[in-house]
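Q: could you work out the structure for the sequence below:
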Amino acid sequence: MSIGDNIKPLPGKVMLQPLLVEKVGSIYLPEDQQRSAFQSKVLAVGEDTKNEKMVVKKGDIVFNTRLAGTPVNIEGEDYMFAEQKNILAIIKEEICQ
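A: Residues are numbered from 1 along each chain as shown. Reported below is the predicted structural model:
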């Protein structure tokens, strides 16, 4: 059971886990830049709002804005709660490793 199974974001919100990205294409990133606020995994999704249908799903890998939401630390792990509008794209294939 993951942390996302125990948390239900409010309508219009998502729970994200920033991903560790070692390289982008053929460029290796320095260690201090590997935790990327730009690429995250969706752990939990709130319900639709009156004005917005939730498009992302639990398990999606997404690109999000740098300051997408509110960072939280749960049991020593970093997570973020954000509005869906701060998600720029759903990544269909692994392009960053």
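
Q: enumerate every residue touching the residue nearest to I7 when sequence neighbours are not counted.
A: Take I7 and drop its neighbours on the chain: the residue closest to it by Cβ to Cβ, 6 or more residues apart in numbering is A44, 5.3 Å away. For the C-beta atoms, the positions are set from N, CA and C on the backbone; glycine is no exception. With contacts defined as Cβ atoms under 8 Å, 6 or more residues apart in numbering, A44 is in contact with G4, D5, I7, K8, P9, V14, M15, K58.

Q: next, the nearest residue to the first one once chain neighbours are set aside: phi, psi?
A: Setting aside the residues directly before and after it, G4 is nearest to L43 in space (Cβ to Cβ, 6+ apart), at 3.1 Å. Backbone torsions of L43, given as degrees, to the nearest 10, read phi -100, psi -30.

Q: thinking again about what came up before, least trustworthy position among the contacts of A44, going by pLDDT?
A: Minimum pLDDT for the contacts of A44 is recorded at G4 (74).

Q: would you verify that that residue is located in a helix?
A: Yes - assessed by DSSP: H, G, I helix; E, B strand; the rest coil, G4 belongs to a helix.

Q: burial of it, as a residue count?
A: Per other Cβ atoms under 10 Å, the neighbour tally for G4 reads 20.

Q: I figured it hits V14, correct?
A: No - using Cβ atoms under 8 Å, G4 is not in contact with V14, being 9.7 Å away.

Q: relative to L19, how far out is G76?
A: 17 Å (Cβ to Cβ, to the nearest Å).

Q: show me which of these two is the more surrounded one.
A: L19 (18 against 5).

Q: host element of that one?
A: strand 13-20 (DSSP states H and E).

Q: just the CA atoms of that strand, as PDB, please.
A: Extracted C-alpha coordinates of strand 13-20, given in PDB (Å, rounded to 0.1, in the frame of the first residue of the first chain):
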ATOM      1  CA  LYS A  13      -5.900  18.800  -6.400                       C
ATOM      2  CA  VAL A  14      -3.300  16.100  -7.000                       C
ATOM      3  CA  MET A  15      -0.600  14.600  -4.800                       C
ATOM      4  CA  LEU A  16       2.700  14.400  -6.600                       C
ATOM      5  CA  GLN A  17       6.000  12.800  -5.800                       C
ATOM      6  CA  PRO A  18       9.000  14.600  -7.500                       C
ATOM      7  CA  LEU A  19      11.100  12.100  -9.400                       C
ATOM      8  CA  LEU A  20      14.800  11.600  -9.400                       C
END
